[in-house]
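Peer 1: What shape does this take:
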Amino acid sequence: MFKHTRKLQYNAKPDRPDPLMARRLQEALGGQWGETTGMMSYLSQGWASTGDEKYKDLLLDTGTEEIGHVEMISTMIGYLLEGAPTTATEEEIKKDPSLAAVIGGMDPEHGLVHGMTASLNNPNGAAWNAGYVTSSGNLVADMRFNVVRESEARLQVSRLYYMTEDEGVRDMLKFLLARETQHQLQFMKAQEELEEKYGVIVPGDMGEIEHSEFAHTIMNFSDGEGSRAFEGQVAKDGHKFEFQENPEAMGGIPKTKPADPRFKNNQG
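Peer 2: Coordinates of the predicted model:
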């Protein structure tokens, strides 16, 4: 079960309203790598974990924390939208370039659709969707995704930090940066432990059904020479990489039957 407390996990109040920053923060809330994606990915992964290993609790703890981060950013966006100039006339905008800049940079959906509150959209109004979520049922694969999610989220939060001089906004972002450091480190550690137990390839133990002779060959498909540098190096599974200068076309020329004439395909 979940239980809500009205106290935020950390401070989320700006020094002053700023509808432009409110729009930018929508990426951290409803963008592909934002807090909503983390919340739903980690919770889904935790619910999908059927064992009693510590990783289930780690995922559910972190997913539940992310609910609080969604709440913090939503609250911050609401504060930033307070007093936004939504009723300015065309004449007022023409007379005041700074007002025109603010109006032009605002997200119109904040007012039109959401009544000057946060939304589960990115800054351009694209709705968050469940396609951003990863919950594969394989803990190694999921932990790797989680490291990437936290890395992308921290990267974006760091960029947001330099897009504002508001110390209240920056204070919240500093907290989120620290938590994303922790989450990266914990998921990296979990990934290492799971790789030690289950192997580094996902899924493992597939040698009987894969053409393993192709599993450690870097094929040269560009005119650059960088990939050759990996030749002879030892992969994480203990095998050495080979390098194939001229990859062979081994599949032959396909000969497919034409479609039913009623489909009016050109069969040149």
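Peer 1: show me the residues around residue 59 that make contact.
Peer 2: When contacts are counted by Cβ atoms under 8 Å, 6 or more residues apart in numbering, residue 59 touches 42, 43, 45, 46, 49, 142. Backbone N, C-alpha and C define where each C-beta goes, glycine included.
Peer 1: any chance of those in CSV, plus pLDDT and secondary structure?
Peer 2: Shown next, in CSV, are the contacts of residue 59 (pLDDT from 0 to 100; DSSP: H, G, I helix; E, B strand; the rest coil):
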residue, pLDDT, secondary structure
42, 98, helix
43, 98, helix
45, 98, helix
46, 97, helix
49, 93, coil
142, 98, helix
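Peer 1: quick one: residue 243 is in a strand?
Peer 2: Yes - counting by DSSP: H, G, I helix; E, B strand; the rest coil, residue 243 is found in a strand.
Peer 1: distance between stretch 66-80 and the chain's centre?
Peer 2: Its chain's C-alpha centre and that of stretch 66-80 lie 18 Å apart, by Cα atoms, centre = their mean, to the nearest Å.
Peer 1: Low-confidence stretches in the stretch 1-150 of the chain?
Peer 2: 85-105 (pLDDT under 70).
Peer 1: the helices in it, which residues?
Peer 2: Counting by DSSP state H, counting those that start in this stretch, one finds helices in the stretch 1-150 of the chain at the ranges 19-30, 35-48, 54-80, 90-95, 97-105, 108-112, 139-161.
Peer 1: Please identify the deepest-packed of those.
Peer 2: Stretch with highest mean neighbour count among the helices of the stretch 1-150 of the chain: helix 19-30 (a mean of 24; mean count of other Cβ atoms under 10 Å).
Peer 1: Show me what that one packs onto, helices and strands only.
Peer 2: helix 35-48, helix 54-80, helix 97-105, helix 108-112, helix 139-161, helix 167-198 (3 or more Cβ pairs under 8 Å, 6 or more residues apart in numbering; DSSP states H and E).
Peer 1: contacts for that helix?
Peer 2: Taking Cβ under 8 Å, 6+ apart as the rule, helix 19-30 contacts 14, 34-36, 70, 73-74, 76-77, 80-81, 84-85, 102, 105-107, 110, 118-123, 127-128, 153, 156-157, 160, 163-164, 166, 169, 176.
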